[in-house]
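Participant: dropping the sequence and predicted coords here.
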Amino acid sequence: MNYWFILNLLLLLYAFIDVIFMNSFDLYVSILGLFGLMFILFNWNIHAIFSKIRSLTNRTERIKLAKVARKIMPHHLLIGTIGFVFIILHFLFIVYKFGFAALFSNYKMISGLMAIFLLLIVIISGYMRQAKATGTRRLVHLYASLTLYFLMLLHIIF
């Protein structure tokens, strides 16, 4: 099993436990964020699949994983866009509840703003890659996704 898959699962479990048991905020707003996280982490698992394919030496297992990746990839942009919509709804309810000025009041809000900005970069770079795939666009998409992962982690932990 790839370590990215394990990290994604741990982050999702922590977020789920945080929303269900330790949530001091509006449950519906947090569930919107949780749904967005699930879609984004599902997409991030595609990176885990490709990393696993590169590390395998057994040809039959590589082919099996490549077939799975081939079935998922056509839906990658749609899944990411749906996750983005959930995150934007989460953001809009936060702005409605606290006001725009409060978004700069604590680390959780600031990390959330940074994560939304980076998610927008990831979505745009994904659509640009679909239009024309280049090495630079791939790296921008990959590094923006990596940074987004750690910003989401900070946002959830704060």
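Facilitator: Yep, that arrived. Numbers count the residues shown, from 1 in each chain.
Participant: low-confidence ranges, the chain, go.
Facilitator: 1, 24 (pLDDT under 70).
Participant: centroid-nearest residue for it?
Facilitator: In the chain, the residue lying closest to the centroid (C-alpha atoms, centre = their mean) is residue 40, at 3.0 Å.
Participant: helix, strand or coil for it?
Facilitator: helix (DSSP: H, G, I helix; E, B strand; the rest coil).
Participant: doesn't residue 153 make contact with it?
Facilitator: No - using C-beta atoms under 8 Å, residue 40 is not in contact with residue 153, being 11.8 Å away. For the C-beta atoms, the positions are set from N, CA and C on the backbone; glycine is no exception.
Participant: hang on, the earlier thing: which residues does the residue nearest to the centre of the chain contact?
Facilitator: Residue 40 is in contact with 80, 83, 87, 119, 148, 152, counting by C-beta atoms under 8 Å, 6 or more residues apart in numbering.
Participant: for those, which one is nearest residue 74?
Facilitator: residue 80 (12.4 Å; C-beta to C-beta).
Participant: what's the distance between the closest one and residue 136?
Facilitator: 19 Å (C-beta to C-beta, to the nearest Å).
Participant: higher neighbour count, those two?
Facilitator: Ranked by neighbour count (other C-beta atoms under 10 Å), residue 80 and residue 136 place residue 80 first, with 22 against 10.
Participant: which residues sit against the helix or strand where that one lies?
Facilitator: Per DSSP states H and E, residue 80 falls inside helix 76-98. Contacts with helix 76-98, where a contact means C-beta under 8 Å, 6+ apart, come from 26, 28-30, 32-33, 35-40, 42-43, 46, 103, 105, 109, 112, 115-116, 119-120, 122-123, 126-127, 130.
Participant: list buried residues within the residues you listed.
Facilitator: For the contacts of helix 76-98, a neighbour count by 16 or more other C-beta atoms under 10 Å gives the buried set as 29-30, 32-33, 35-40, 42-43, 46, 103, 109, 112, 115-116, 119, 122-123, 126.
Participant: let's see which of the residues you listed end up in helices.
Facilitator: Under the assignment DSSP state H, the buried ones among the contacts of helix 76-98 contribute 29-30, 32-33, 35-40, 42-43, 46, 109, 112, 115-116, 119, 122-123, 126 to helices.
Participant: tell me, how many residues neighbour residue 77?
Facilitator: Neighbours of residue 77 (other C-beta under 10 Å): 15.
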